[in-house]
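A structural model of the following input is requested.
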Amino acid sequence: GRGRARVAALGYTCAAVGAVMPVAGEWPDLAGVTGPVLYVRAGALDGDGTIARPLGDLGTALVRAKTPGTTLALARGTFSVAMPLRLRRDLAVIARGATLDVARGTPAFLVGAHTLELRGLTIRYARTEGPEDPHNVGIDADTGARVTLRDVAVHGAFWGVRARGALLVAQGLTVAGCGAHGVILDASSVGELDRVTVRECGGSGLVTRDSRLRVSGALIADNRFDGVQILGTPAGVTGATDCLTDLAALRNGAFAVSVEGPRGVELVGVTLSATRAVSGAGGDGLFIGSGASATLGRARACTEGHARGSEVLGNHRAGVLVDGGRFEAYGAVLASNRGPGVYVQGGGSLVALGDVRVEDVGSLGVATTTGARLGRVDSVTIAGVRAASVATDRGAARVGDGLSVVAPGQGSAVEVTDCTFESNARFGAVFVRAAARVRGASGAGNRYGLGAYGALDLDSTVRVSGDAPPPRDEPEVADGRVVNRSPPTRPTGCARGGCF
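Below is the predicted model of the structure:
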């Protein structure tokens, strides 16, 4: 004891023979950790799990972590993983710049009905020639698992993160270069994702099936298929609503966001842009299928907390395609889409548009086809619609109308209030076999002002200028389903009893 004090006074410390002293900045911050801690440094020999004598590999550390709630503290460096890291009890893995190099055909983490926390970690699969292996799963969480990811990255996996009947919480997650989907929630999983990036995957970026999803702050970009794909509804849940807030879905294939099945989604402060067609299919910013509903720009079930409006910009085809579902939008901009701003078909419903601007789109600003329902259109500006053809199952129609309403599936009149129709290639607004009540509309520069081929109720405040429509029973209109060849089969795979 007296000798140790004398040594300490000279500025030195003592260490056990064979120990390797920690390097500054090598270990993660373990503030708040209360349970047992095992330290792991790649390649260390003869370790006992202390910071002075760390263990040398993750497999050994998992075997030694016998107490539920143990934390594995990983030193900065690269760890080789040749066998799946299978959890048998609750565990945390906290790193400071550590990378796991995972062997081909090996899931990195397999999580059953346990709790896993990962922090400050990169999971990496090497690029290989030949077909990709569907067993390359960065994090695979099964029924009852509770997974929390903080500042975690997954690169080059086949599936980035997959949850089946699990809870997934992410605060800072990057998934890139996956062979299939980036993040999958299946079988009544719950996902709460904050600050997430999913890019350059061979499937869709983020997929949910029969699960619940809340996203706040995400970049979903450059994926081959959909940016976000929402399917089905959780078991035992009626009217489930997913929340997408402050999300940018850019340059994805088929759809930026697609919603199908009996469920709803609220999109607040989002940008849906530059979606590509895939083998002639899709190319729309937002797709709403039968039974689904979507609200753009207003939160009811979700906490708003956003700092900007929603934008649907520069997509290959429609800004929003409603095919049998329900859609409403508030305070949004739909611009520079190659096709229509909003197109409603298949008996879908355009519930309401409020304070929306549609400009510089092709063929149609806002259009509803035979049997679709149209609610209130209030304070909407539709400007600069270009003349273009719309290909439907009833043939192609060359149009250029701001608002087009054809034989709506409702008994009451369509309500259009305080709207502006400017510089559209054909009609400012046209109503075919439709009863409409128009108040406070204005606009100039349209070839024709208003086209009434049904019961049109105007008051003295309506000032939409243009030539008189040509004398015919009905003008040429786009009325039918848009031609939409089926996209190539999305990637699928089976593991641990589940297929997707």
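
where in the protein is pLDDT low?
1-24, 128-131, 235-239, 304-308, 483-500 (pLDDT under 70).

who touches the spatially most central residue of the chain in this structure?
Of all residues in the chain, the one closest to the mean position by Cα atoms, centre = their mean is Val228, 3.2 Å from it. By Cβ atoms under 8 Å, 6 or more residues apart in numbering, the contact set of Val228 is Ser204, Gly205, Leu206, Val207, Val215, Ile220, Leu244, Leu247, Ala249, Ala256, Val257, Ser258. Every residue, glycine included, has its C-beta placed from N, CA and C.

do the same with Val477
Ala397, Val399, Ser404, Val406, Val430, Val432.

ok, the residue nearest to Ala103 when sequence neighbours are not counted to Ile123 distance?
Residue nearest to Ala103 in three dimensions, not counting chain neighbours: Ala82, with 4.7 Å by Cβ to Cβ, 6 or more residues apart in numbering. Distance from Ala82 to Ile123, counting by Cβ to Cβ, to the nearest Å: 14 Å.

who's more crowded, the two?
Using other Cβ atoms under 10 Å as the criterion, Ala82 and Ile123 rank with Ile123 on top: 27 against 11.

is the more buried one in a bridge, and if so with what?
Beta bridges link Ile123 to Leu100, Val154 when assigned by DSSP bridges.

was I right to think it contacts Ala108?
Yes: Ile123 is in contact with Ala108 according to Cβ atoms under 8 Å; the separation is 4.9 Å.

intersection of neighbour lists for those two?
With Cβ under 8 Å, 6+ apart, Ile123 and Ala108 have common neighbours Leu100, Val102, Gly138, Ile139, Val154, Ala157.

Throw those residues into CSV and include neighbour count and distance to Ile382, thanks.
What follows is those, written out as CSV (neighbours: other Cβ atoms under 10 Å; distance: Cβ to Cβ, whole Å):
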residue, neighbour count, distance to Ile382
Leu100, 24, 52
Val102, 28, 52
Gly138, 30, 45
Ile139, 30, 46
Val154, 30, 43
Ala157, 31, 44
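
closest one of those to Thr34?
Ile139 (24.1 Å; Cβ to Cβ).

contacts for the helix or strand harbouring that closest one?
Assigned by DSSP states H and E, Ile139 belongs to strand 137-141. Outside strand 137-141, the residues that touch it by Cβ under 8 Å, 6+ apart are 102, 107-111, 116, 118, 123, 125, 147, 149, 154, 157-164, 166, 168, 175, 189, 495-496.

ok, now stretch 368-376?
Applying Cβ under 8 Å, 6+ apart, the external contacts of stretch 368-376 come out as 322, 328, 343-354, 392, 404-410, 414-415, 417, 433, 478-481.

same deal with stretch 25-37?
Counting by Cβ under 8 Å, 6+ apart, 39, 41, 49, 51, 65, 67, 69-76, 92, 94-96, 119-120 sit against stretch 25-37.

which ones among these are found in strands?
If you go by DSSP state E, the contacts of stretch 25-37 have Tyr39, Thr70, Thr71, Leu72, Ala73, Leu74, Ala92, Ile94, Ala95, Arg96, Arg119, Gly120 in strands.

weed out the non-buried ones from the residues you listed.
Tyr39, Thr70, Thr71, Leu72, Ala73, Leu74, Ala92, Ile94, Ala95, Arg96, Arg119, Gly120 (16 or more other Cβ atoms under 10 Å).

can you pick out the most distant pair from these?
Every pair of these checked by Cβ to Cβ; the farthest is Thr70 and Arg96, at 17.9 Å.

tell me which stretches of the stretch 251-400 of the chain form helices.
With DSSP state H, counting those that start in this stretch as the criterion, the stretch 251-400 of the chain has no helices.

got the contact list for Arg127?
Gly156.

a strand runs through it, doesn't it?
No: using DSSP: H, G, I helix; E, B strand; the rest coil, the secondary structure at Arg127 is coil, not a strand.

of the contacts of stretch 368-376, just the buried ones, ChimeraX syntax please.
Here is the ChimeraX command that selects the buried residues among these (16+ other Cβ under 10 Å):
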select :322,328,343,344,345,346,347,348,349,350,351,352,353,354,392,404,405,406,407,408,414,415,417,478,479,480,481
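
helix/strand/coil for Leu62?
helix.

hmm, it is touching Leu85, no?
Yes: Leu62 is within contact range of Leu85, at 6.2 Å (criterion: Cβ under 8 Å).

quick one: the strands in the stretch 401-500 of the chain, in order.
Under the criterion DSSP state E, counting those that start in this stretch, the stretch 401-500 of the chain contains strands at 401-406, 414-417, 420-422, 427-432, 436-439, 442-443, 448-453, 456-458, 463-464, 494-495, 498-499.

which among the contacts of Val228 gets closest to Asn424?
Nearest member of those to Asn424, counting by Cβ to Cβ, is Ala256, at 25.1 Å.

who's in contact with the closest one?
Counting by Cβ under 8 Å, 6+ apart, Ala256 has contacts 220, 226-228, 249-250, 272-273, 275, 284-286, 312, 315.

what does Ala249 give?
Gly205, Ile220, Ala221, Gly227, Val228, Ala256, Val257, Val270, Thr271, Leu272, Ser273, Thr275.

among those residues, who's most crowded?
Neighbour max across those (other Cβ under 10 Å) = Ala256, 36 neighbours.

and that residue, how close does it get to Ala145?
For Ala256, the distance to Ala145 - Cβ to Cβ - is 29 Å.

can you check Asp355 too?
Counting by Cβ to Cβ, the gap from Asp355 to Ala145 is 43 Å.

give me the more crowded residue out of those two.
Ala145 (24 against 16).

the more buried one touches Leu116, doesn't it?
Yes: counting by Cβ under 8 Å, Leu116 is a contact partner of Ala145 at 7.0 Å.

got the strands of the stretch 401-500 of the chain as CSV, with distance to Pro262 columns?
Listed next are those as CSV, based on distance: least, Cβ to Cβ, whole Å:
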stretch, distance to Pro262
strand 401-406, 27
strand 414-417, 26
strand 420-422, 35
strand 427-432, 31
strand 436-439, 31
strand 442-443, 39
strand 448-453, 35
strand 456-458, 36
strand 463-464, 39
strand 494-495, 26
strand 498-499, 22
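
to Gly56, which of the ones you listed lies closest?
strand 494-495 (29.2 Å).

so what touches stretch 453-466?
With Cβ under 8 Å, 6+ apart as the test, stretch 453-466 has contacts from 413, 421, 427-450, 473-475.

and these, which are buried?
Buried, going by 16+ other Cβ under 10 Å: 413, 421, 427-432, 434-436, 438-439, 441-443, 446-450, 475, out of the contacts of stretch 453-466.

what about the residue nearest to Arg326 when sequence neighbours are not counted, how many residues nearby?
Counting by Cβ to Cβ, 6+ apart, Arg326 lies nearest to Ser293, which is 4.0 Å off, once chain neighbours are set aside. Using other Cβ under 10 Å, Ser293 is surrounded by 21 other residues.

again with the one 3 residues further on
Neighbouring residues of Leu296 were enumerated by other Cβ under 10 Å; the total is 30.
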